[in-house]
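Visitor: structure, please.
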Amino acid sequence: MPSSRYVIALDQDTVFTHCSVFDHDGNLVATTERDHRQILPSPGYVEHDPMEIWKNARLTLAEVLAVMEITSNDVAALGITNQRETAVLWDKTTGLPICNAIVWQDTRSHACLDEVVNKIGEDRIRELTGLPPTIYFAAPRIKWMLDNVDGARQLADEGKLLFGTMDTWLIWNLTGGTQGSVDGPAKHITDVSNASRTMLMNIETCTWDDELLEAFDIPKSILPRIRSSSDVFGHVRRRGPLPGVPIAGILGDQQAAAFGQACLSVGEAKISYGTGNSLLLNVGSEPAAPADGLISTVFYRLGDDEPVYALEGSIAVTGLAVRWLRDNMGFFNSSDDIEALAADVEDNGGVYFVPAFSGIMAPRWRDDARGTIVGLTRFANRNHIARAALEATSYQTREVAEAMRKQADIQLKTVKVDGAMTENNLLMQFQADMLNCPVVRGRLRENASLGAAYAAGLAVHFWSSTDEIRANWIPNDMWRPTMDENTREELFHNWNKAVERSLDWA
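Guide: Numbers count the residues shown, from 1 in each chain. Just a heads-up that it's a prediction; the model follows:
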């Protein structure tokens, strides 16, 4: 183990940029965070300002060093994890984005995707990428920007345009941007976990696929180089915090959370509760066959080892539904208040809330769905609606778990959980009841940062092997199912009826 005492991770998610410091035992020593604006120019449009996010990354790094009273000499490596499908295009000569980043929740690129599907077909896209052809992934957004932002195509033709997900954008800037890094030009890179979410990477070869690039009319010259998830990619620029520290880990946020939860054996699964939910299942060294409703994705790749794959069910709205009740409806002042509000009633009172604000993702993938609250009577009140919002998280997660069982023939025996919503004991118990298996929470509420730190630390031998990662994971709380089968199935049956009523609105 090197003399440096810590590894730092930047976690750039949909709402915040976090900077976290970890020691060798995987303990979270310090963390800082800053939120960024959610830019909503019209219905269905969701944008972020990449320059604001880059500023927040620098500030959180500087702040955590100040809080810890440490310098770059104390830091062995930096890891990056990020919201995965959000797309940024920037001019490499000026370093400035050509427009706001288009967020994974955005719905404007339907026509772009339809054009590509008409060219090569849904089945071919699934075969090449492991992904269902939906606007959730980055490629339709890239095409939309190239086709609709003034000057974008010209910049691409002149070799001046660069694309990246947020990991790529941050690393390019951290390694010097237009000024270059301490070891050459700025690093325009991504890792296999993020590349696998673009709908442009061949899932078998882990390289950019020429057939897909032609279909989307996206020039390969704008794309970053695909690297492993754990390697020394470059070093932080001299200006600002962490000068000279190696950037050595990159993982998309959901893969990072599973890595931090030590889901390193085939059949191990985790659920992360954030803006949306992700249930991710380790399937080993071969990608799972394409299936309706699920995503076959790269989990991680360590150095020159073969990649490890996963099945994933991505759910768009879970924690976001709680924030919607708080911010748009004024149900409570703090998101944490929803548990007490929901616990004041014995059940949902027949109310079901389908939070399909911009469609439904796994396992249904219906872009035409919209948010719906059904079953309202004069008996229903805000407590029932709050409870229905929590229950919707568990129903959606059960749908994904059942699809995984059918696809991979794996019945979940236990599932690890993380994310802010895991502090909600009412939700965790209902989740165990709906899955009909124990739900286990580790000592950390958030594990994406830890996963990115592990990837970075492995590359510089801060941790000697994944055995140390397994040893660091310690279960903290467990919820076991207590609901009888008839009640479980009746609730789930009614949920499915509610979902059917949310379809075909847009």
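Visitor: distance of residue 423 relative to residue 441?
Guide: 9 Å (CB to CB, to the nearest Å). (Glycine included, C-beta is placed from N, CA and C.)
Visitor: so the two - more neighbours on which side?
Guide: residue 441 (20 against 15; other CB atoms under 10 Å).
Visitor: if I've got this straight, that one is in a strand?
Guide: Yes - residue state for residue 441 (DSSP: H, G, I helix; E, B strand; the rest coil) corresponds to a strand.
Visitor: give me the spatial nearest neighbour of it, chain neighbours excluded.
Guide: Distances taken as CB to CB, 6 or more residues apart in numbering put residue 477 closest to residue 441, at 4.5 Å, once the chain neighbours are dropped.
Visitor: who does the helix or strand hosting the one you found pair up with?
Guide: According to DSSP states H and E, residue 477 maps onto strand 475-479. Strand 475-479 has the following sheet partners, assigned by DSSP bridges: strand 439-442 (antiparallel).
Visitor: contacts for the partner strand next, please.
Guide: 261, 271, 414-418, 422, 428, 431-432, 473-479 (CB atoms under 8 Å, 6 or more residues apart in numbering).
Visitor: from these, keep the buried residues only.
Guide: 261, 271, 414-418, 422, 428, 431-432, 473, 479 (16 or more other CB atoms under 10 Å).
Visitor: now, which of these sits nearest residue 10?
Guide: Within the buried ones among the contacts of strand 439-442, the smallest distance to residue 10 is 17.7 Å, found for residue 418 (CB to CB).
Visitor: what does the pLDDT read for that closest one?
Guide: Residue 418 carries a pLDDT score of 92 in this model.
Visitor: so it belongs to a strand, correct?
Guide: Yes - counting by three-state DSSP, one finds residue 418 located in a strand.
Visitor: what bridges to it?
Guide: residue 272.
Visitor: the helices in the stretch 51-200 of the chain, which residues?
Guide: Taking DSSP state H, counting those that start in this stretch as the test, the helices found in the stretch 51-200 of the chain are 110-120, 122-129, 138-148, 152-157, 166-174, 192-195.
Visitor: again but with the stretch 251-400 of the chain, I slipped
Guide: Under DSSP H, counting those that start in this stretch, the stretch 251-400 of the chain gives helices at 253-260, 319-327, 338-343, 382-408.
Visitor: what about the longest one, average pLDDT?
Guide: What it means is helix 382-408. 92.
Visitor: repeat that for the shortest one.
Guide: Confidence for helix 338-343, expressed as mean pLDDT, is 96.
Visitor: any buried residues in that helix, and which?
Guide: 338-339, 341-342.
Visitor: same deal with stretch 39-53?
Guide: Quick answer for stretch 39-53 (16+ other CB under 10 Å): 44-53.
Visitor: return the most buried member of the helices of the stretch 51-200 of the chain.
Guide: For those, average neighbour numbers computed from mean count of other CB atoms under 10 Å are highest in helix 192-195, which has a mean of 30.
Visitor: give me the contacts around it.
Guide: By CB under 8 Å, 6+ apart, helix 192-195 touches 82, 84, 165, 167-168, 201, 206, 208, 224, 226-229, 250-252, 255-256, 297-301, 307.
Visitor: could you measure from residue 402 over to residue 476?
Guide: Taken as CB to CB, the span from residue 402 to residue 476 is 27 Å.
Visitor: for the stretch 251-400 of the chain, give me the ranges with low pLDDT.
Guide: 290, 292 (pLDDT under 70).
Visitor: right, I'll call it a day here.
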